[in-house]
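> This is a predicted model, with the sequence first.
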Amino acid sequence: MEAPARPQTAVLGLAPRLIAIGLAGGVLSGLLGVGGGIVMVPLLVFWAAYAQREAHAVSLGAIIPISCASVLTYGVAGEIRPWEAAALAAGSIVGARIGAGALTRIEERPLKLVFGLFLGAVSILMLVRS
């Protein structure tokens, strides 16, 4: 598989497109609890020319600092429920290992299809329930 064309670098060696994608993902993560998979992965694929699997991996690498910033903000406001968050984290750690393992074995085209179907299903569910 051919490596995607990388965006040009700017200040401090950071690509402006990636900064913009990160900004969009961070704002929506803090505001709506989404960001990585729903915002950054499609933008990395369509705007920054990343392969689907690579976009997932880069997005996952950005999740920890995004989450820390949001947790800090919500924590100061007293909105964090530590035991419930710990339970979600425990399940998520196991699930992430399973999902990342599957990600390495799925071909690019089926991965795009499954991801697109997931986004479509979530969109429809949110519209129906709103």
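The structure has been received and is ready for your questions.
> Relative to Arg81, how far out is Ala62?
Per Cβ to Cβ, to the nearest Å, Ala62 is found 24 Å from Arg81. (Each C-beta comes from the backbone N, C-alpha and C, glycine too.)
> ah, wrong one, I meant Leu111
Per Cβ to Cβ, Leu111 is found 34 Å from Arg81.
> The residue lying farthest from the centre of the chain: what secondary structure?
Distance from the C-alpha centroid of the chain, by Cα atoms, centre = their mean, peaks at Gly78 (25.0 Å). Following DSSP: H, G, I helix; E, B strand; the rest coil, Gly78 is assigned to coil.
> For Ala87, see how far away it is.
Counting by Cβ to Cβ, the gap from Gly78 to Ala87 is 19 Å.
> do the same with Phe115
26 Å.
> who's more crowded, the two?
Counted by other Cβ atoms under 10 Å, Phe115 and Ala87 do not tie: Phe115 has more neighbours, with 19 against 11.
> That one sits in which helix or strand?
Per DSSP states H and E: Phe115 is located in helix 108-129.
> what comes up buried for stretch 38-57?
Residues 38-45, 48, 50-57 are the ones in stretch 38-57 that count as buried (16 or more other Cβ atoms under 10 Å).
> Actually, stretch 87-101.
Using 16+ other Cβ under 10 Å, none of the residues of stretch 87-101 count as buried.
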